[in-house]
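Asks: Could you look at this predicted model? Sequence included:
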Amino acid sequence: MPRVAVLQMCSGIDPEANAATIVEAIGEAQAGGAEILFTPEMSGLLDRDRQRGAQHIVPEVDNPVLAAARAAAAGSGIYVALGSLAIERSDGRWANRSFLVGPDGAVRARYDKIHMFDVALATGESWRESAAYAPGEEVVTVEDTPLGRLGLTICYDLRFPALFEELGRRRCDAIAIPAAFTVPTGRAHWHVLQRARAIEASAFVIAAAQVGHHEDGRTTYGHSLVVDPWGEVLLDMGGETAGLGFADIDLSRIAEVREQLPSLANRRPIAK
């Protein structure tokens, strides 16, 4: 029965400090018996001041947080699912990119966030992710992880069922949904959407989240979750503090749920 570690972070504007937090967590995850560590969206840099943050957004090959995580993963011999990093693309735009790093330190998969967070909330919060970031176009799954086939998504992707329908069609055993959710949207939608995605895909969901008051002035919701294929919450890290949590994943639960309620097998095309 594989054990996962989930890092709930309060990332700041200094990538070096964020990298140190991730490296420490990798060591603690390995010591706690985890085979894979999950981190939140924007683990390496959380800065709403894009002019200030731009100095730290570099091509993947030069990213110090990715380099530190790869070295630590190899040193500890565990997988690391980096929720996302801000990466400079070859065309000069930025990508909100997730990485799966293997226990040898090699990057096994990359996923660029498909759905951009362009919203104006009633609280006055306004976000225009697409002003700086280019959306991804590829659905990404990875075979032969400690959790079986792992699907990669990021935060706002959670709200778009078509992506998760495709992950279900590909028979993912687990789906990563790293996030930096706002407090008002988190209170209203976080738990219900995470549980729904697990139920729809008959898969485990691992959602590492940002939490608390950040250096750039924002506040995030927290409540990192692990949800089983029946929609049961196995881990909820709360909305107050950063830290490391663990959950044991009974992979036999996937087959049990899919046999009882074979919704993936029962799907039919909807006439347009």
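Replies: It's in. Numbers count the residues shown, from 1 in each chain.
Asks: Asp104: neighbour count?
Replies: Asp104 has 11 neighbours, counted by other C-beta atoms under 10 Å. No exception for glycine: its C-beta is placed from N, CA and C like everyone else's.
Asks: ok, now Ala120?
Replies: Using other C-beta under 10 Å, the number of residues around Ala120 comes to 10.
Asks: Over to the one 3 residues further on?
Replies: Residue neighbour count, defined by other C-beta under 10 Å, stands at 10 for Thr123.
Asks: ok, now the one 5 residues further on?
Replies: Neighbours of Arg128 under the rule other C-beta under 10 Å: 13.
Asks: same check, this time on Thr219
Replies: Neighbours of Thr219 (other C-beta under 10 Å): 17.
Asks: With the one 3 residues further on instead?
Replies: For Gly222, the count of nearby residues is 28 (other C-beta under 10 Å).
Asks: Contact partners for it?
Replies: Gln8, Gly186, Ala209, Gln210, Val211, Gly212, Met237, Gly238, Gly239, Glu240, Thr241 (C-beta atoms under 8 Å, 6 or more residues apart in numbering).
Asks: can you do 7 Å?
Replies: Neighbour list for Gly222: Gln8, Ala209, Val211, Gly212, Met237, Gly238, Gly239, Glu240 [criterion: C-beta atoms under 7 Å, 6 or more residues apart in numbering].
Asks: mind listing what the residue lying closest to it once chain neighbours are set aside touches?
Replies: Nearest non-adjacent residue to Gly222, counting by C-beta to C-beta, 6 or more residues apart in numbering: Val211, 3.0 Å away. By C-beta under 7 Å, 6+ apart, Val211 lies in contact with Gln8, Cys10, Thr220, Gly222, Gly239, Thr241, Ala242.
Asks: wait, what's in contact with Leu215?
Replies: Let me fix one detail, which is that residue 215 is Glu and not Leu. Glu215 touches Gly12, Ile13, counting by C-beta under 7 Å, 6+ apart.
Asks: From Leu264, how far off is the closest residue to Arg50 other than its chain neighbours?
Replies: Of all residues not flanking Arg50 in the chain, Ala132 sits nearest, at 5.6 Å (C-beta to C-beta, 6+ apart). Distance of Ala132 to Leu264, given as C-beta to C-beta, to the nearest Å: 37 Å.
Asks: which phi and psi does Leu261 have?
Replies: Per-residue torsions, Leu261: phi -140, psi 80 (degrees, to the nearest 10).
Asks: Kindly report the same for Arg170.
Replies: phi -80, psi 0.
Asks: where do the strands sit along the stretch 51-200 of the chain?
Replies: Counting by DSSP state E, counting those that start in this stretch, the stretch 51-200 of the chain has strands at residues 79-88, 94-101, 107-112, 118-120, 126-128, 140-145, 148-152, 174-176.
Asks: Deepest in the core, which of those is it.
Replies: Of all these, strand 174-176 has the most neighbours on average by mean count of other C-beta atoms under 10 Å, namely a mean of 29.
Asks: Pull up the pairing partners for that strand, direction included.
Replies: In the sheet, strand 174-176 lines up against strand 148-152 (parallel), strand 204-207 (parallel) (DSSP bridges).
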